[in-house]
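A.B. asks: Everything below, folded, please.
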Amino acid sequence: MTTRFEGGAIKADGENLTGSEFRDVNLAGTRFDDVNLRDAVLTNVALTGATIRNACLAGVSIEDAGLEGMRIDGILVTELLRVYRAHAGE
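C.D. replies: From the prediction side, this is the model:
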């Protein structure tokens, strides 16, 4: 059931939004819980300050992204990449 609140906020519970498109939409401060984003494509999105918990990231690809300050299990991704590249001889 979808409910629209004053100010435009939407609460969708148990909805099937497969194939939906969101363009030029502000979802700042939005909470996603028990959401299926399999095969979703996110382009030109701002995830600054976002937190992802208890997620399956198998097969996820991140390309052309700003990674400054991004952490995985508390470890800076830029540091992980630096160490990896040093080991790989890049």
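A.B. asks: quick one, helices of the protein?
C.D. replies: For the chain, the helices defined by DSSP state H occupy 77-88.
A.B. asks: Now tell me which helix or strand of this protein has the poorest mean pLDDT.
C.D. replies: strand 2-4 (a mean of 79; mean pLDDT, DSSP states H and E).
A.B. asks: Run through who's touching that one.
C.D. replies: Strand 2-4 is contacted by residues I10, K11, A12, D13, E15 when judged by C-beta atoms under 8 Å, 6 or more residues apart in numbering. Glycine gets a C-beta too; all of them are placed from N, C-alpha and C.
A.B. asks: Next, the contact list for R82, please.
C.D. replies: Residues counted as contacts of R82 (C-beta under 8 Å, 6+ apart): none.
A.B. asks: Check what pLDDT it gets.
C.D. replies: pLDDT recorded at R82 is 95.
A.B. asks: Quick check: the gap between it and V60.
C.D. replies: Plainly put, R82 is 21 Å away from V60 if you go by C-beta to C-beta, to the nearest Å.
A.B. asks: before we move on, the earlier item: tell me the one among the contacts of strand 2-4 nearest to H87.
C.D. replies: Nearest to H87 among those is A12, at 44.9 Å by C-beta to C-beta.
A.B. asks: okay, now L76: neighbour count?
C.D. replies: 14 (other C-beta atoms under 10 Å).
A.B. asks: Which residue or residues pair with it through a beta bridge?
C.D. replies: Beta-bridge pairing of L76 under DSSP bridges involves R71.
A.B. asks: Confirm for me that it is in contact with G69.
C.D. replies: Yes: between L76 and G69 there is a contact under C-beta atoms under 8 Å: 7.4 Å.
A.B. asks: if we can go back for a sec, could you dump the contacts of strand 2-4 into a markdown table with neighbour count added?
C.D. replies: As requested, these are exported to a markdown table (neighbours: other C-beta atoms under 10 Å):
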| residue | neighbour count |
| --- | --- |
| I10 | 11 |
| K11 | 10 |
| A12 | 12 |
| D13 | 9 |
| E15 | 11 |
